[in-house]
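Novice: have a look; sequence and predicted model below, questions after that.
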Amino acid sequence: MAQCEVRAIPPFLLSGKDGGVWRDAERLLDGVELARGKAMSPASGRMFLAGRVAQRVFAGELLSLPAADLTVAYSCLQCGTGPGTGHGRPGYSYRGAPVPLALSLSRAGGWTLLAAVVGASPGTRLGADIEDPSRTGFDGFDGLALTPAERRNLRNVTVELLPAARARLWARKEAWLKMTGDGLRIAPSTVDVSARPGLRDLGPAETGLPAHLAAAVALSGPVHASGSGGSGSS
Ligand SMILES: CC(C)(COP(=O)(O)OP(=O)(O)OC[C@H]1O[C@@H](n2cnc3c(N)ncnc32)[C@H](O)[C@@H]1OP(=O)(O)O)[C@@H](O)C(=O)NCCC(=O)NCCS
């Protein structure tokens, strides 16, 4: 059974302004990642770069390789894969060869969740997602996000528990759609996530995330999680 390693990174504590993040980013990340971070607003760029730094450090530790020596090799169903691709499904290469690591990343509520399967065979797919219940309360969420059966099931949930129930479903959907690689190119309201092989919720004890955040992981094969939750990164 494949083992999924997870690590939760707390809201990034900036030293001074954004100097700490940028210093780590310039030292560790590839040009395509720095360019994406620079194109964002300062706050979004810092969150993006902090997540990328943490993910690279996580990958380096799991592979026992220097993080700075990894090269991004993301894959996007639309744009393809390779060293110049810095968006889509995360991946790295080392000295020109893909590393045996399935990876996924998600950010919400200031937190970043990293998930990985070490020694993954080529074609192993992993998706992880975290969701803040406060972001699911807008009008129209159920119509946009849920299948008719999921909407029917929510009728039995009390008003106080609705945000958490919606966030749990949304985290499962995005974890599943990251695992397939489609992301939100597929309408989430067409993807029922009440029971799918390899898809499961992650609890705070496994991840180290605060209990109010919903989390889920999907793997293209049997999976159980082994957390190093709550540890810092960079
Ligand atoms: C995947 C997706 C649902 C995540 O959105 P989100 O909830 O806003 O963000 P999260 O923080 O949970 O996840 C972001 C991470 O998802 C991962 N990701 C993005 N697209 C992915 C895909 N197609 N497959 C798997 N993982 C993906 C990346 O690791 C990304 O991290 P990054 O910001 O460091 O690049 C959304 O980004 C999406 O639908 N992307 C695909 C859209 C697409 O294919 N567009 C065409 C681009 S050319």
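Specialist: Received it, and whenever you're ready, just let me know what you need.
Novice: which residues touch the residue in the chain positioned nearest to the ligand?
Specialist: In the chain, the residue that lies nearest the ligand is Gly183 (2.6 Å; C-beta to the nearest ligand atom). (Each C-beta comes from the backbone N, C-alpha and C, glycine too.) Residues near Gly183 by C-beta atoms under 8 Å, 6 or more residues apart in numbering: 174, 177.
Novice: give me the pLDDT for it.
Specialist: Note on Gly183: pLDDT of 95.
Novice: repeat that for Gly16.
Specialist: Reported pLDDT for Gly16: 47.
Novice: before we move on, what about Ala195?
Specialist: Listed pLDDT for Ala195 reads 89.
Novice: from Phe141, how far off is it?
Specialist: From Ala195 across to Phe141, the span is 22 Å (C-beta to C-beta, to the nearest Å).
Novice: same thing with Val72?
Specialist: 33 Å.
Novice: which one of these two has more residues nearby?
Specialist: Val72 (22 against 16; other C-beta atoms under 10 Å).
Novice: what sits against the closest residue in space to that one that isn't next to it in sequence?
Specialist: Distances taken as C-beta to C-beta, 6 or more residues apart in numbering put Asp30 closest to Val72, at 4.8 Å, once the chain neighbours are dropped. By C-beta under 8 Å, 6+ apart, the contact set of Asp30 is 71-72, 83, 86.
Novice: how about the residues of this structure near the ligand?
Specialist: 48, 51-52, 76, 78-79, 87-90, 105-107, 129, 174, 177-178, 181, 183-185 (C-beta under 6 Å from any ligand atom).
Novice: so of the residues you listed, which ones are in strands?
Specialist: Within the residues of the chain next to the ligand, residues falling in strands by DSSP state E are 76, 105-107, 129.
Novice: top of those by number of neighbours, please.
Specialist: Asp129 (28 neighbours).
Novice: quick check: that residue touching Trp111?
Specialist: No. Look at Asp129 against Trp111 with C-beta atoms under 8 Å: they stay out of range, at 11.9 Å.
Novice: so Glu206 is in which element?
Specialist: According to DSSP states H and E, Glu206 maps onto helix 204-207.
Novice: that helix: what's the following helix or strand?
Specialist: strand 214-219.
Novice: mind listing what Asp129 touches?
Specialist: The contact partners of Asp129, by C-beta under 8 Å, 6+ apart, come to 104, 106, 113, 170-175, 178, 215-216.
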